[in-house]
Structures are given as C-alpha cells and as structure tokens.
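J.: Have a look at this fold, sequence not included:
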C-alpha cells in the first residue's frame, strides 16, 4: 500500500514538474515570437524556412497517402452503414463533414507527430548530448530563440496547411470510392458533400490544427532539450515526444470538439 | 555587479561551493587565474574539475561563494549581464560541440554573425584568418562529419577565438586524440597564449601535456584545491595525493582498497 501510494505520489510529482517545465518553455517561446513581431529580424529567417520545408513540403507525400486511405475507408464505412437506411447518397456529406471537422486535423497531426515530433526530439537531444546546446549558451546565444522558436513557428504555419491538404485529398479518396466502387452518382456525391459543409466546419478544424501544431512542437522540443545521458536518453526522449504528443492531441481534440459542439451549435 | 579582481588576476574564485542535492562537489574552493598565463587545472575523476569549469562559464550557478571575472561578478548576474560576460571568453568543449548542420566556415562565423554587425565579406576574412591560426586554411566548406577528430578540435578552437576573447577555457583538449594530434593542440594553446596574449584555463588529467604547457598548475581533490604551483613545484610535490596522482600509482594516499573495518561499515550503512 505504502509502495503504491509512493508510486502515485512520485508519478504525479514527475507529471506536474514536467508540465511546469513545459509551461516555462511555452512562455519563453511565446515571448520570443511576440518580441519578433515588434522587433524585425530577431527570428532567423533562414532557419525558419529550412524547418518549414522539412516539416511541411517534405511531408506532403505521406500526408496525401494516409489521407486518401482514410477518406476511402470512411466512404466505404459510411456507405455500408447508410445502406440500411437507404441513404447511401449521403455518403459524400458524411465524409466531407467528418473530414473537415475532425479527421483531417487529427490525421495530419498524428502523422506529423510521428514524423516531425520524433525528428525535433532526436535532433535537439543529440545536440544536448554532444554539448552543442551548452556551446550555444556559452556563445551567448539563447538555445530557445535559436533552435526552438524556428521549429515551433514553422510547424504552426505548416500544420494548418497540411490539414487543408488532408481535407482535400481525403475527400478525393472518398469521392473515388463512393463513385467508382459504391456507385453513387458523381454529381449527387459532390452536391451532397458541398451542401452538408458549413464554413464553421472548416475553421474549427483549422483552429484545432494550430493548437495541435503547438502541442507537437513544444512537447517534442521540450523532450529533446531535457535529454540526460547518451544514446539511451535520446531514444527515450524521441519515443516520449511522439507518445505524449499523440495522447495530448487526442485528449485536446476531445475537449475541443465538445466545446465546439456545445458552445457553438 | 562590478567587483575587484586581485591585481594580476583575471579570474578570482572565492570560497566556491556547489552542491547537487546532498552531494557536495565543490567544497569551498579558492583560486586565482593570472592574466595572460596558461593555468592548468588537474585532478582525478570526480575531483570537481568539470563542475568548476561549468561554474566559471555560467552553465551552473554556485551554491555559495563568488566568481569575479575581469572585474565583474558572475554570481547573481542576470541573463543579459551573463551574455555580456560570455563575450569575454571562448570555450573549447571536450567533444568539440561543432554544429553538425553547418559547414566549418559557418561554425566559425556563427558568433560573428550573431554578435556583430560586420558585413559578410569581413566575416569571411575573419573566418579565414581564424582558420589559418589553427592551421586549417581552405577548410571553410567542409562539413564537421567530413573531417577528423583533431581537425574538429581545431575548428572548435577557431570558433572559440572568433570574437577575440580575453580568456579561453579548454575542457580536456587532448581527450580522444592520438599523441601527435594531442601535442599539436598543446602547441596551439601555447601559440595562442604567446601570440594573442590570451589567458588560457586548461582542464586536463594528462600529466605530460599539463607539465609541458602550464605556467601554473592547480591540483584539485575532493572539491578543494590541494596544491598550486609551477610545473616543477608540482612535480617535486611532497603532498601524498599529488605524488600519487603524478606517478599514477593505483594505491597510496587515495586508497584503492578499504580497510576491513571500513568495508564492513560501508556494507552495513546501506
């Protein structure tokens, strides 16, 4: 019993300490971004663009592949269920609304957490182990402004863009399955899709993706910067960056969806 | 924040204590680093060399005591003040700590680009001169993973002296290098000290290089300074710890084996 309670106490202490360190990092990043708005040139543009290409442009392929598959599965599943009600023609509506509101931001964020979150944590973790972070500090360069801010900003710009790609490609995937395989009239499919969507679906998904991008970037950079020890520490940080990011994304998504559903409907 | 250094000294450490939890690593350390000289800090593993160094460069904050560097106290300095102090020194890390995503030239240019308003052309010339000083003319466009460990050390040294610091700290400059390359680095330290009048603080446990380059040697043991002197004074030291350290005997004043009572005591304590 004592051991169990001790374990609970220890775990909650680590969780709280981690949360407070994460909050500290978020505050510093926020401060740097705000400062950059007023004082031009304080963010290294070259690094920002470099990270935008790595996080955004280079991820389009895998994002497109995953979202086409998700769209296709969704269309098949929707058609299968709607058949019982004789409402197969509403497949398009179901696909488009669930993708823009929910699945688009979520799928994009999960793929990017795996691809880019792991990369951030491993990169910064290795730099920490090889004393590169210390070297930056001793040169009078703030590692957060130098390394974390460009990564956070790049991801916060690119993930919403990738979410739009996900939305579009998933709808195309759904359309192909719906028209070619299920046999819905293409005109009807598109009409139903467009009619079912409202602008709110789009921007609520968009706002979610911005929140998700901040979660991925901050959690991963934080994990990377808190690496202790050698290769083992880097491996642990990388795994934790991805796991914590994905868990947080799903939890936050759940809360955000509930808020949007109850507060704005 | 302004403070006085002892005349002739560029760094004064007074009664420095650093604790990590219950573990005291630096236990009231007092020492001075003379301006323009090469001071070697020696001591066994766990003696507090690295901790002292990390306190000196502001990566750790002392538990108590004072460090005065070039007329400024490091203790209680805020981040902006600390960054000003950091401009006074360069640091050569044990593993070189070059940025792997940048070329050799960009690594050396980084402090210049971030801390000065010099034009790209001038920075290019300075980089060239600094690389020449460490004997790596024409290596600007190589990436860190394309050059050897000794070359990396030299690039890191060029980066450390990019902003013409008054002091350069060296953390185990010979570690992981073959004897020839290591003595080449030693020669570089001597050259920089003589040509550029840079104060050097070298942390090492390699006797041969220490006696070769040092103007003054400080020996640490268990978080305290146990002897300070020139190479000869240290070599002829009567202090049993220092003697054991120099001769490299496994057993002596620092016991290899515990007595049977101590062993029993240690066993029962936990």
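T.: Received, thanks. Every value quoted in this text rests on a predicted model; they were computed, and no experiment measured them. Residues are numbered from 1 along each chain as shown, chains lettered A, B, ... in the order given.

J.: per-domain residue ranges of chain B.
T.: Domain segmentation of chain B under automatic domain parsing yields B:1-88+B:165-180+B:191-237, B:101-164, B:240-270.

J.: could these be laid out in JSON lines, adding mean pLDDT, mean neighbour count and distance to residue A:247?
T.: C-beta coordinates here come from the backbone N, C-alpha and C atoms, glycine included. Below are the domains of chain B laid out as JSON lines (pLDDT from 0 to 100; neighbours: other C-beta atoms under 10 Å in any protein chain shown; distance: least, C-beta to C-beta, whole Å):
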{"stretch": "domain B:1-88+B:165-180+B:191-237", "mean pLDDT": "88", "mean neighbour count": "18", "distance to residue A:247": "31"}
{"stretch": "domain B:101-164", "mean pLDDT": "91", "mean neighbour count": "18", "distance to residue A:247": "30"}
{"stretch": "domain B:240-270", "mean pLDDT": "76", "mean neighbour count": "12", "distance to residue A:247": "38"}
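
J.: quick one: is the helix or strand of chain A with the lowest mean pLDDT near chain B?
T.: Using mean pLDDT, DSSP states H and E, the weakest-scoring helix or strand in chain A turns out to be helix A:2-38, at a mean of 83. No - Helix A:2-38 does not reach chain B (C-beta under 8 Å from any C-beta of the partner chain); its nearest approach is 10.9 Å.

J.: if I look at the closest residue to residue B:16 other than its chain neighbours, how far off is residue A:143?
T.: Once flanking residues are discounted, residue B:16 sits nearest to residue B:65: 3.7 Å by C-beta to C-beta, 6 or more residues apart in numbering or on different chains. To residue A:143, residue B:65 is 27 Å away according to C-beta to C-beta, to the nearest Å.

J.: ok, now residue A:193?
T.: Note on residue A:193: its distance to residue A:143, by C-beta to C-beta, is 47 Å.

J.: who has more neighbours, the two?
T.: Here residue A:193 and residue A:143 are set side by side on neighbour count (other C-beta atoms under 10 Å in any protein chain shown), and the busier one is residue A:193, at 23 against 19.

J.: Who are the packing partners of the helix or strand hosting the more buried one?
T.: Secondary structure assignment for residue A:193, by DSSP states H and E: helix A:186-196. If contacts are counted by 3 or more C-beta pairs under 8 Å, 6 or more residues apart in numbering or on different chains; DSSP states H and E, helix A:186-196 sits against helix A:91-98, helix A:149-176.

J.: Quick check: buried residues in it?
T.: The neighbour-count check on helix A:186-196 (16 or more other C-beta atoms under 10 Å in any protein chain shown) flags A:188, A:189, A:190, A:192, A:193, A:196 as buried.

J.: which residues of the stretch 1-150 of chain B fall in strands?
T.: Shown for the stretch 1-150 of chain B, the strands assigned by DSSP state E, counting those that start in this stretch span residues B:9-20, B:23-34, B:38-43, B:64-69, B:72-73, B:89-92.

J.: Who are the packing partners of the shortest one?
T.: Yep, that's strand B:72-73 we're talking about. Looks like strand B:72-73 contacts helix B:79-86 (3+ C-beta pairs under 8 Å, 6+ apart).

J.: The helix it packs on close to chain A?
T.: Yes - under the criterion of C-beta under 8 Å from any C-beta, chain A is reached by helix B:79-86 at B:79, B:83, B:84, B:86.

J.: In a markdown table: these, plus distance to residue A:56.
T.: What follows is the residues of helix B:79-86 next to chain A, written out as a markdown table (distance: C-beta to C-beta, whole Å):
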| residue | distance to residue A:56 |
| --- | --- |
| B:79 | 32 |
| B:83 | 33 |
| B:84 | 38 |
| B:86 | 35 |
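
J.: And the contacts of stretch B:114-132?
T.: If you take C-beta atoms under 8 Å, 6 or more residues apart in numbering or on different chains as the criterion, stretch B:114-132 is touched by A:139-141, B:87, B:104-105, B:108-109, B:112-113, B:137-140, B:155, B:158-159, B:161-163.

J.: again, only using 7 Å
T.: A:140-141, B:87, B:105, B:108-109, B:112-113, B:137, B:139-140, B:158, B:161-163 (C-beta atoms under 7 Å, 6 or more residues apart in numbering or on different chains).

J.: now swap in stretch A:176-194 and tell me
T.: Here stretch A:176-194 has contacts from A:72, A:75-76, A:79, A:88-93, A:95-96, A:171, A:175, using C-beta under 7 Å, 6+ apart.

J.: next one: stretch B:205-222
T.: Defining contact as C-beta under 7 Å, 6+ apart, one finds that stretch B:205-222 is touched by B:27, B:31, B:34, B:37-44, B:47-49, B:174, B:182-183, B:186, B:189-190, B:202, B:204, B:225-231, B:234-235, B:241-242, B:245-246.

J.: before we move on, the earlier item: now the helix holding residue A:193, how far from the centre of its chain.
T.: Computed by C-alpha atoms, centre = their mean, to the nearest Å, the separation of helix A:186-196 from the middle of its chain amounts to 29 Å.

J.: repeat for stretch A:192-211
T.: Worked out by C-alpha atoms, centre = their mean, stretch A:192-211 lies 16 Å from the chain centre.

J.: tell me which residues of it are tucked away?
T.: A:192-193, A:196-197, A:201-202, A:204-206, A:208-211.

J.: can you check stretch A:35-47 too?
T.: If you call a residue buried by 16+ other C-beta under 10 Å, then stretch A:35-47 has these buried ones: A:36, A:43, A:44, A:47.

J.: Inside helices: which ones of those residues?
T.: Counted as lying in helices by DSSP state H, out of these, are A:36, A:47.

J.: Name the nearest of the buried residues of stretch A:35-47 relative to residue A:66.
T.: residue A:47 (27.7 Å; C-beta to C-beta).

J.: tell me the contacts of the closest one?
T.: Going by C-beta under 7 Å, 6+ apart, residue A:47 touches residue A:150.

J.: Please apply the same query to residue A:249.
T.: Counted by C-beta under 7 Å, 6+ apart, residue A:249 has contacts A:109, A:110, A:113, A:212, A:215.
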